[in-house]
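Trainee: Structural data only, the sequence is not supplied:
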Ligand SMILES: CC(=O)SCCNC(=O)CCNC(=O)[C@H](O)C(C)(C)COP(=O)(O)OP(=O)(O)OC[C@H]1O[C@@H](n2cnc3c(N)ncnc32)[C@H](O)[C@@H]1OP(=O)(O)O
Ligand SMILES: O=C([O-])CC(=O)C(=O)O
């Protein structure tokens, strides 16, 4: 085996087929089950997109009603999960609390190890319904606020905002949030989805796959970047400081969070749609200063390095404007990506092969423990 045979980071390696989504960097497009994500973001509820990812087709009216009913009926936290959230120290990152809460949901499910397609679909709906309650409650208790019960008269997006802020959400905010959920839902064999598929490939259970995926998403090179973008904004301060800040950051060879992508090299297909949602929020909240910083950092970084923003760049500021605390941003990504992850778990299970690549050994040659006669 030569160095050329080694594909570090699996870059450029095609490991399997998938019918769930197609990322095409040449045409800068992203299709979910054949549908352009922009069209879905413009026209569909997040629940309809979840159905599309799981079943391959957009739902009929009655299928959508059934999914919405099931999701609304499964939103309340079970006592074990609530207690675990309550007892988590404030020093725990919300992604760590969410990972633990999802794991507890699995431990609390008597059917956790039933890997039949119907059972896995039920678990997927349960996690879709419960994760918002976990994320919303964790942010509230950190703020010293009481839990807010879910509302059956609100859809997924409006209810998420209701449970987090305890106020009737504004339609513009619900729409921007729904768009972010649709855009974050699925992206082929990204690191967290691949993690879920690796775990599934051993015939482990869906909850274990999701717990592993949450761990993979947390890192700043992946989903953690939406939080990291806001740390950069806070560090820079305002648009007038971007140029000097960037001089120093690039001299130190820092990665600029929210820019770059393993697959898209000319820009992320989802950014224009999320940027339009951000513009609406900026208008709504009168946040032109934040937009000025956003635009200046993008202009300067693209001009200097030719590296474009990814979806985390507009999402971070959008979630800040909606009122979420910065460490809650990556859990919001989880609340959406649970749909893509579970679709991949089911696809992997339906046509499984254990995922086990090879490695090239470059440690010491064979040697012997002192005193052992070889
Ligand atoms: C939803 C998502 O998960 S999208 C990704 C979110 N992650 C981020 O925003 C984190 C910042 N971005 C990055 O770290 C990278 O662009 C990644 C990890 C996303 C993609 O990385 P890769 O495909 O492995 O690209 P790679 O790291 O090889 O980059 C190529 C070159 O561009 C540089 N580069 C890439 N992204 C950035 C960045 N954001 N800031 C500074 N330099 C960058 C690399 O340092 C490298 O330079 P070099 O050739 O001089 O060493
Ligand atoms: O595809 C990737 O590598 C990362 C990404 O954009 C995503 O998971 O949404």
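Mentor: Cool, got the structure. Computed from a predicted structure; not experimentally measured. Ligands and ions are numbered 1, 2, ... in the order given.
Trainee: For the closest residue to ligand 1 within the stretch 151-300 of the chain, which residues are in contact?
Mentor: Nearest residue of the stretch 151-300 of the chain to ligand 1, counting by C-beta to the nearest ligand atom: residue 260, 2.1 Å away. C-beta here means a position set from N, CA and C on the backbone, and glycine is covered the same way. Listed by C-beta atoms under 8 Å, 6 or more residues apart in numbering, the contact partners of residue 260 are 307, 308, 310.
Trainee: Excluding chain neighbours, give the residue nearest to the last one in space.
Mentor: Think residue 310. The spatially closest residue to residue 310, leaving aside those adjacent along the chain, is residue 268, at 4.4 Å (C-beta to C-beta, 6 or more residues apart in numbering).
Trainee: To which secondary structure element is the spatially most central residue of the chain assigned?
Mentor: Within the chain, one residue has its C-alpha closest to the average C-alpha position: by C-alpha atoms, centre = their mean, that is residue 333, at 3.1 Å. Secondary structure assignment for residue 333, by DSSP states H and E: helix 329-350.
Trainee: Briefly note if that helix comes near ligand 1.
Mentor: No - where contact is defined by C-beta under 6 Å from any ligand atom, no part of helix 329-350 touches ligand 1; the two come within 7.4 Å at best.
Trainee: who does that helix touch, helix- and strand-wise?
Mentor: On a contact count with 3 or more C-beta pairs under 8 Å, 6 or more residues apart in numbering; DSSP states H and E, helix 329-350 meets helix 46-55, helix 94-107, helix 117-142, helix 171-184, helix 191-201, helix 206-218, helix 225-236, helix 312-322.
Trainee: ok so, going back, next one, pLDDT for the residue nearest to residue 310 please.
Mentor: According to the prediction, residue 268 has pLDDT 96.
Trainee: To what extent is it buried, counted in neighbours?
Mentor: Applying other C-beta atoms under 10 Å, we find 26 other residues in the vicinity of residue 268.
Trainee: The one 4 residues further on too?
Mentor: The burial count assigned to residue 272 is 12, neighbours taken as other C-beta under 10 Å.
Trainee: again, but for residue 177
Mentor: Counted by other C-beta under 10 Å, the residues lying close to residue 177 total 26.
Trainee: got a list of what it touches?
Mentor: For residue 177, the residues meeting the contact criterion (C-beta under 8 Å, 6+ apart) are 157, 160, 161, 169, 322.
Trainee: Helix, strand, or coil at the closest residue to the fourth one other than its chain neighbours?
Mentor: Leaving aside its chain neighbours, residue 169 sits nearest to residue 161 (3.8 Å; criterion: C-beta to C-beta, 6+ apart). Taken by DSSP: H, G, I helix; E, B strand; the rest coil, the conformation at residue 161 corresponds to helix.
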